[in-house]
Structure formats: structure tokens, C-alpha cells
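J.: Build me a structure from this.
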Amino acid sequence: MNRDFRFFWTGQVTSTFGSAFTVVALPLIAVRRLGASPAEMGLLVAAGTLPLLLFGLVLGMWVDRLPRRRPCLIGCDLLAAATIVCVAAGAVSGWLTVWGLGIAQFVLGLLSVITESAYFVHLRSLVREDEGVVRARARLQGGEHAGAVLGRALAGPAAAVAAVIPFAIDCASYLVSAVSLLLIRAPERRRPANHGRPSGWRELVAGLAVIYREGFLRRMMPFVVGQQIVAGMTVALCAPFVLNVLKVPTSMYGLAFVFLGLAAVAGSAAAGRLAGRVDARRLTVLAYAGVALSSLLLPFAGGALPVAMGLAAIGIGLPSFFGALANVGVTGFITVAVSEEKLGRTGIGLQLLSGAGLLAGAMVGGLAAQQLGIRPTLWLAAGISAATLLLLPPLLKERGREAEMQDSLSLA
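T.: Here you go, the predicted model:
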């Protein structure tokens, strides 16, 4: 790990550590202090996803056209810190509302669209080789998940002491990330700005076009969207389920998510070892099968508090293990298959389709829970997850046919 990558790694991991406090604190405040209903929790999740659907394609094209991405990443860190300060001020003064949390989620989601598009391309400027990028991505992802583990473990007790503490920590973490980026010495490869070139629809939807033309990505997306619907339903109902149905105390709420982070760290470590040994497409498909199967577990959580917390932790965390494997597999595939000029827009395209599923799941989950109850709605999500498994076998068969064709060409 070279010096510049260490600074990049430090900034991203610290930012993830801080963001874990906000991720835990926001639903805690919404449920405990503001009395948010399941439908309102669905709206909060949707607010964080909406910027991707509204502006994702335009921002992806804009990021791809930037001559340098590092200043953009620094600016996003500073704006995110300012947003967190506003939320903290609202929590202290007492004027914070569910709508205020929704606005903050929208702004943070907008900034996330930009950073998610820019930071992976910037990582590629620090690690040149394709296989090195995959290993660096796995190491970075592992560090981020480790930071998230610690953040989630501490967020509940911090929020129980004072609602402002998690937001103060998150704000400081964004500032550390910005300083870390400033300390990177390696100059970015300056690309010529394309501002004078017209941005027609073909260029705007170039990322979606890449996904459509690349057969593996095109055939994978129905499964991914289905799983994102399940994830949206689960995320929207997770806090009400853990706090109101399982009766987990506020101070212990974050502990229910510690296994999520540990599982994600383990998945990233496993992905780092598998990088270069297992075909990225096969790794992705098998990992996604694990995501679908493990997503069936959460509705089973119940019983005495220790047992309920343990089952909930497994149901929440195990999909993250397989999700980390799948994320590295997809990253490795698109790194090789997609040109750098369209990499940002392709990433945004994948996020856009996934975000549509997440938003739909959050809205459906919140509204369904109002009518059916929280646990029955989680059972509905489990049924959808099981149904998506039917979409995976054709992907494995198609991979086998592609390998046979490549072998035939090499022999010829």
C-alpha cells in the first residue's frame, strides 16, 4: 500500500466510521424522538435514494468529464460536514422534524451519488494495474467495513448520552477525509475538459448503454433490482422492527448491527483472497445467491432479548458478507470490461437501476407495514428474495457457454 493510497484509505475509512454514527442515529431519532411511522421510515429511505434517480445520469456524465476528481471529492466532504452540522443544530434546538431528516437524507444522497461516481475512478489513478485495482478495492472495502463495525457499536451508546454526539463525530470524520485527500501527492492524470462538446442523450445514457450491451450485466440486473426491492423493504422496517417489535433498548440498538460490519469485513477479506483466482462473473453470481438465501432469515428473529438480538444480527449481517463478495466481483468485472471514459457513468447506471429497486422497496415496505404489520411485511420481503433465486441459474449457464466459446477461439 503506497503512501498516497494510505491517505486515500485513511480518509475513506474514517469517513465511513463517522457515517456509521449518522446511519444509526437518524432512525433512532426518527423512531424514538419523532415517533416516525413505518410509512415515514420508508419515505426517509426513499429521500436518500431519490437524488440518484433524479440526477444520477447527469452527474455521472459530469464526473466523467471532470479533468480532475480529487477537488470534487474534497468539496463533497465539506458540504456533507455542513449538512451534518445543520442536523445537529436541529437536534439541539428541538426544531428537527421527520421532514428535516428527509431533507438531510436527500442532500447526503446527492453528495453520495457524486462521490460514488468519482472515488473509484480516482482510486484507479492511484493503482494502475487492473488486478491491483481489484485488490486495492477489496482492501479499501475491508477497511470501510471495519470502520463501520466500530461506528455502529459506539453509535447507540453515544446517541443515548446525547443526540448531538453521533453527528459531531460524523462531521469530524468528513473533515479528516478532506484533509487526507489534500495530503495525496500523486498528481491526477489531467484529462481535457469536454465542456464544449454537446451532451446529447447518447452520451447521457452511455452508462446504461454499456450495461445493456454487456450481456452479463444486462442479464444480472433483474436479480439485482429484485434484491434491492428486498433491501429497501428491510432497511425501511429495520429500526421499527428492532426497536418496537423486538424491544431492543436504545443503548443496545447499534450492537444489533455489529455483526453486519464484521460479516462485511470478512466478505471483503475473502474477496481479496479470491481476486485473480476466481472469475469475477462466477464470484458475483455465487455471492448474489448467498445474498438472496441469507435475506430469508430476518423475520425469524424473536424470543428473549439476547436470542432476538442474535437472530436479528445474523439476519441483518449475513447478507452483507455475501454482498461484499458480490460488490468486489462486480467491481473487478467492470474495471476490465469498461473503458475509463465511461466507468463513472457505468457505475452510476448500476446505481440508478439498483436505486430504483431500493426506492420502490422502501415505499412498498413502509406502506405494507402500515396495513399488514412489520413482521408480515418482512416475510413478504423474504418471499420476494426467494423468488429472485430463479434468475441466477441462467447466468451460470451463460458463463459456461462464454467460456466454451473463448476456449474454442483460443484453440483456433
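
J.: count of neighbours near the residue lying closest to L217 once chain neighbours are set aside?
T.: Taking CB to CB, 6 or more residues apart in numbering, and ignoring the residues beside it in sequence, L217 has I211 as its nearest neighbour in space, at 4.6 Å. Every residue, glycine included, has its C-beta placed from N, CA and C. By the measure other CB atoms under 10 Å, the count of residues near I211 is 22.

J.: Distance from the helix or strand where I211 lies to the middle of the chain?
T.: I211 is part of helix 206-213, with elements assigned from DSSP states H and E. Offset of helix 206-213 from its chain centre (CA atoms, centre = their mean, to the nearest Å): 21 Å.

J.: other SSEs contacting that helix?
T.: helix 38-65, helix 215-240, helix 340-372 (3 or more CB pairs under 8 Å, 6 or more residues apart in numbering; DSSP states H and E).

J.: what about that helix, average pLDDT?
T.: Mean pLDDT, helix 206-213: 78.

J.: tell me how far the helix or strand harbouring A292 is from the chain's mean position?
T.: A292 is located in helix 280-294, with elements delineated by DSSP H and E. Chain-centre distance of helix 280-294: 16 Å, with CA atoms, centre = their mean.

J.: now this structure, which segments are flagged as low pLDDT?
T.: For the chain, applying pLDDT under 70 flags the ranges 1, 120-122, 124-125, 127-134, 188-204, 275-276, 335, 339-344, 396-412.

J.: so where does the closest residue to G143 other than its chain neighbours fall, helix or strand?
T.: Nearest residue to G143 in three dimensions, chain neighbours excluded: V13, at 4.1 Å (CB to CB, 6+ apart). Element membership for V13, per DSSP H and E: helix 3-28.

J.: what packs against that helix?
T.: helix 38-65, helix 70-93, helix 98-126, helix 130-161, helix 164-182, helix 215-240.

J.: quick check: angle from the first one to helix 206-213?
T.: In this case it means helix 38-65. 100 degrees (axes from the mean of the first three to the mean of the last three CA atoms, to 10 degrees).

J.: again, but for the last one
T.: Comparing the axes of helix 215-240 and helix 206-213 via the same axes, to 10 degrees yields an angle of 110 degrees.

J.: helices or strands up against helix 215-240?
T.: For helix 215-240, the packing partners by 3+ CB pairs under 8 Å, 6+ apart are helix 3-28, helix 38-65, helix 206-213, helix 280-294, helix 305-337, helix 340-372, helix 374-388, helix 393-411.

J.: E116 versus T346, what's the distance?
T.: Distance of T346 to E116, given as CB to CB, to the nearest Å: 12 Å.

J.: Compare these two (neighbour count), which wins?
T.: Shown here are T346 and E116; by other CB under 10 Å, T346 has more neighbours (24 against 19).

J.: what sits against the more buried one?
T.: Residues near T346 by CB atoms under 8 Å, 6 or more residues apart in numbering: 206-207, 210-211, 334, 338.

J.: L57 too?
T.: 204-205, 207-208, 345, 348-349, 352.

J.: same thing with A178?
T.: 11, 74, 77-78, 81.

J.: swap in R3?
T.: Applying CB under 8 Å, 6+ apart, the residues contacting R3 are R185.

J.: Same question for the one 4 residues further on.
T.: With contacts defined as CB under 8 Å, 6+ apart, F7 is in contact with 180-181, 183-184.

J.: ok, now how distant is it from M363?
T.: 40 Å.

J.: R218 - how many residues pack around it?
T.: With other CB under 10 Å as criterion, R218 counts 12.

J.: got it, and the one 5 residues further on?
T.: Neighbourhood size, F223 [other CB under 10 Å]: 21.

J.: Report the separation between it and L395.
T.: 8 Å.

J.: Common neighbours of these two, please.
T.: If you check F223 and L395 against CB under 8 Å, 6+ apart, no residue is contacted by both.

J.: G272 contacts R139, doesn't it?
T.: Yes. Contact status for G272 versus R139: in contact at 6.2 Å, counting by CB atoms under 8 Å.

J.: mind listing what the nearest residue to L372 once chain neighbours are set aside touches?
T.: Spatial nearest neighbour of L372, excluding adjacent residues (CB to CB, 6+ apart): L380 at 7.4 Å. Residues in contact with L380, defined by CB under 8 Å, 6+ apart, are 233, 368, 372.

J.: most neighbours, which of those?
T.: Counting by other CB under 10 Å, top hit in those: M233 with 30 neighbours.

J.: How about the contacts made by the nearest residue to Q228 once chain neighbours are set aside?
T.: Counting by CB to CB, 6+ apart, the nearest residue to Q228 once its immediate chain neighbours are dropped is G357, at 3.1 Å. If you count contacts by CB under 8 Å, 6+ apart, G357 has them with 224-229, 231-232.

J.: how about a cut-off of 7 Å?
T.: By CB atoms under 7 Å, 6 or more residues apart in numbering, the residues touching G357 are 225-226, 228-229, 232.

J.: If we only consider the residues you listed, which is nearest to L154?
T.: L154 lies nearest to G232 out of the contacts of G357, by CB to CB, at 26.6 Å.

J.: Near that closest one, how many other residues are there?
T.: 28.

J.: hang on, the earlier thing: kindly reformat the contacts of L380 as a markdown table containing distance to L66.
T.: Below are the contacts of L380 laid out as a markdown table (distance: CB to CB, whole Å):
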| residue | distance to L66 |
| --- | --- |
| M233 | 36 |
| A368 | 41 |
| L372 | 46 |
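
J.: how far away is the residue nearest to L372 from L246?
T.: Taken as CB to CB, the span from L380 to L246 is 18 Å.
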